[in-house]
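Visitor: take this sequence and fold it.
(chains A and B)
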Protein chains: 2
Amino acid sequence: MNARHDDAWTLSRRDALLGTGLAAAAATAAAFVGSRGASAATHDFHGVHQGGIATPVQQHLAFATFDVTTASRGDLVALMSTWTTAAATLTAGRAINGSRSPNYPPADTGEVAGMAPSSLTLTFGVGPSLFDDRFALRPRRPAALADLPAFPGDRLDPIRSGGDLCVQACADDSLVAFHAVRNLARVGEDVVALRNIQFAAGRASSGSVASETPRNLLGFKDGTSNVRADSPGDMDEHVWVGSESDQSWMVGGTYLVARRIRTHLEQWSSLSLETQQDTIGRFRESGAPLTGRRERDAMDLSQLNSLGLPVIPSSAHVRVASASANNGAKILRRGFNFADGIDPRTGEIDAGLMFICFQKDPRRQFVTLQDNLSTNDALSRYVTHTASGLFACPPGVSKGEAIGAQLFD
Amino acid sequence: MNARHDDAWTLSRRDALLGTGLAAAAATAAAFVGSRGASAATHDFHGVHQGGIATPVQQHLAFATFDVTTASRGDLVALMSTWTTAAATLTAGRAINGSRSPNYPPADTGEVAGMAPSSLTLTFGVGPSLFDDRFALRPRRPAALADLPAFPGDRLDPIRSGGDLCVQACADDSLVAFHAVRNLARVGEDVVALRNIQFAAGRASSGSVASETPRNLLGFKDGTSNVRADSPGDMDEHVWVGSESDQSWMVGGTYLVARRIRTHLEQWSSLSLETQQDTIGRFRESGAPLTGRRERDAMDLSQLNSLGLPVIPSSAHVRVASASANNGAKILRRGFNFADGIDPRTGEIDAGLMFICFQKDPRRQFVTLQDNLSTNDALSRYVTHTASGLFACPPGVSKGEAIGAQLFD
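Guide: Predicted structure coming up:
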């Protein structure tokens, strides 16, 4: 706890334990209560872990990154408190509320008034750049938050990449996700500036079992062999940071890697079905591995065809991405399709996969996988990574605590 | 009917009357039948008028424009036939199908395999540029398809504006709308090139009565005083081209105007509630006119306040846009919110309203309204029109006919 700041941020876990936090939090929350309509699906903002990670994947994504524009650590600490309160309000389907006088700007921008919460989750993360000298956070940087290396084929747009902070807004209505990011940017406008927003929709992969695995823009089912978000064992093994962490503020948290992966759709669509299937290692229609008949059939990576060649080719995406080819590395994927209009340089549709994944150590997980994929995956010929982000997502909070409080303790 | 072309385009109304067209159409359609899942809401592609006009507004829009890349009128005629067949297939929720050999590229790109039709409609239009000398169509250009004038404040991006052809894809799932445009572009790749795609979501205005009028990014209910798409009288009076047309091929059709209207969100959000309400002329929360209490209360444009000033200010959007201020001009609106990330020049969110409207004569309707709005509407300070399009949408077709066939007769 940083004792210099006598503001809402001081609603820490310690205060809650002392019995003072909850009452103060309730008072703060009351100031934000608005007049939104009845709720449909609602995710409580509070919990051991942040929402939007194990939460079943929603239909829409607004992924925002921010740069801190103040040099004041106190302002940053206050922002995290303000954002936490606002996030709890927004996920409950309520409007941000301040003055109700018509002589002042409305506190909430109002475009989702009357709409249901629409399964909104808000997930906050802090990027490597936050641990420079501005806020005296250098000693708090986790070793696992090591800058991602450059991968072969990367064509990263610096503005769409990086960021001091990120907010992942997911909801079943695109306007609800947009509204949440817009209003978080607004309440934080004296402390942060929006760096980028990536909108994406139509979930492309799912962390939980759905009756039908969604397809990506390649036309293939995506995410069949994923960490199971509904398996606590899987999550503890691969996603949630445990006591092994060198930074106690990250225990119960996770690391988010975001990659904007453009798909060269015209090139891909002109491949024969056989080439597409050999590139992925699965049948397009059923999603089954080339050695199986049904989607969930286990891959047989050793099976050979009559010519003595592997049925799942050595460069097939599923083989190169498999845990067995990557020292057991698995990640929790949360993918959405994006389509951003026409690329004026090529006349092609600028579309693809907004790939977000969660893991307990990116060095051992995403980096291992991407090192292998960028060199050996046949699919890499048809995709280009155009933006990249890495963020440490602190654990969840109880009422009265602020996201990331322990980082500033 | 142009007798030079012995291709699928020859499935004309006349052939259908002769009893030959339907069988041929069925054969063509069969070649496109795919394996998509059971349908939820489905709009039949065939009818007196094209879909996506009187159809209740769906949740998502993909608005594509195309340039014709061939000099051959026959190729263009064939494209319209191919597109008509493909559109009927897609709106029925089926996949475009050709060869099923794994040695060829799949005919359908596959990303919505297994998904429901999701209320997909596809609406085709032809732009003024199609009536130049390339295809000998100059005598067929309707007087109502006059180029839109430049309006004060316009900042039009030429690439996002214009186009020889347009396709408006609307659906309740964004991937379904995307897939439709992508596959139409693909089946037409030898004849047309994609010029632009604008994606937008979260309907912002509705042509039919909904329990809750949707809000735009300004936070206000939008479309309360719209032409009623469910009123045949309204539609005949304001939208469908009748026998008054100088071009018989447009009878039963309508004219589409598309405007990408960027909203200066930060500027708008910093206005007091009172200024916002005076700018629009309605209360934000209820949507009621400033002279009323409920959303559907009639505006009283003559009511004065205690200072003797009009309660609905002289520059209020609802007054300047009202039919009474525009010689009775009304339009059918079909608006969607767009959000395209961050404008790198300003750091602001590049978002606003993708405004589409339909009318029987843009000169008398949209142009009259926009002439007035661009000069006198208080709201014009907070929005900028960044793209513009004008298209003639031919009438609907029966099975076996091609959209726009009579244009080439």
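
Visitor: which intervals of the stretch 1-150 of chain A have sub-threshold pLDDT?
Guide: Within the stretch 1-150 of chain A, the stretches with pLDDT under 70 are A:1-40.

Visitor: residues of it that sit close to chain B?
Guide: A:35, A:60, A:62, A:101-106, A:108-114 (Cβ under 8 Å from any Cβ of the partner chain). C-beta coordinates here come from the backbone N, C-alpha and C atoms, glycine included.

Visitor: and the buried ones among the residues you listed, selectable in ChimeraX?
Guide: Applying 16 or more other Cβ atoms under 10 Å in any protein chain shown to the residues of the stretch 1-150 of chain A next to chain B, the buried members can be selected in ChimeraX as follows:
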select /A:60,62,102,105,106,108,109,110,111,112,113,114
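
Visitor: just name the closest of the residues of the stretch 1-150 of chain A next to chain B to B:Asp172, please.
Guide: Taking Cβ to Cβ as the measure, B:Asp172 lies nearest A:His60 of these, at 13.0 Å.

Visitor: thought the closest one was touching A:Gln198?
Guide: No - if you go by Cβ atoms under 8 Å, A:His60 and A:Gln198 don't touch, sitting 11.6 Å apart.

Visitor: which of the helices or strands spans A:Ser374?
Guide: Assigned by DSSP states H and E, A:Ser374 belongs to helix A:366-376.

Visitor: C-alpha coordinates for that helix, CSV please?
Guide: Extracted C-alpha coordinates of helix A:366-376, given in CSV (Å, rounded to 0.1, in the frame of the first residue of the first chain):
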residue,chain,number,x,y,z
PHE,A,366,3.6,-18.3,-26.5
VAL,A,367,7.3,-17.7,-27.4
THR,A,368,8.1,-21.4,-27.7
LEU,A,369,5.0,-22.0,-29.9
GLN,A,370,5.5,-18.9,-32.1
ASP,A,371,9.3,-19.6,-32.5
ASN,A,372,8.3,-23.0,-33.9
LEU,A,373,5.3,-21.8,-35.9
SER,A,374,6.9,-18.8,-37.5
THR,A,375,9.7,-21.1,-38.9
ASN,A,376,8.0,-24.5,-39.5
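
Visitor: just to revisit the earlier point, just flag the most distant two among the residues of the stretch 1-150 of chain A next to chain B.
Guide: The distance between the two most remote of the residues of the stretch 1-150 of chain A next to chain B (Cβ to Cβ) is 35.0 Å, for A:His60 and A:Asn103.

Visitor: counting contacts, what elements does whatever helix or strand A:Tyr255 lives in pack onto?
Guide: Using DSSP H and E, A:Tyr255 falls within strand A:254-263. Here strand A:254-263 touches strand A:165-171, strand A:349-359, strand A:383-393, going by 3 or more Cβ pairs under 8 Å, 6 or more residues apart in numbering or on different chains; DSSP states H and E.

Visitor: of all the ones you listed, which one is nearest chain B?
Guide: Nearest to chain B among those is strand A:349-359 (6.5 Å), distances taken as Cβ to the nearest Cβ.

Visitor: could you say what helices and strands that closest one packs with?
Guide: Using 3+ Cβ pairs under 8 Å, 6+ apart: strand A:349-359 touches strand A:60-68, strand A:254-263, strand A:332-342, strand A:383-393.
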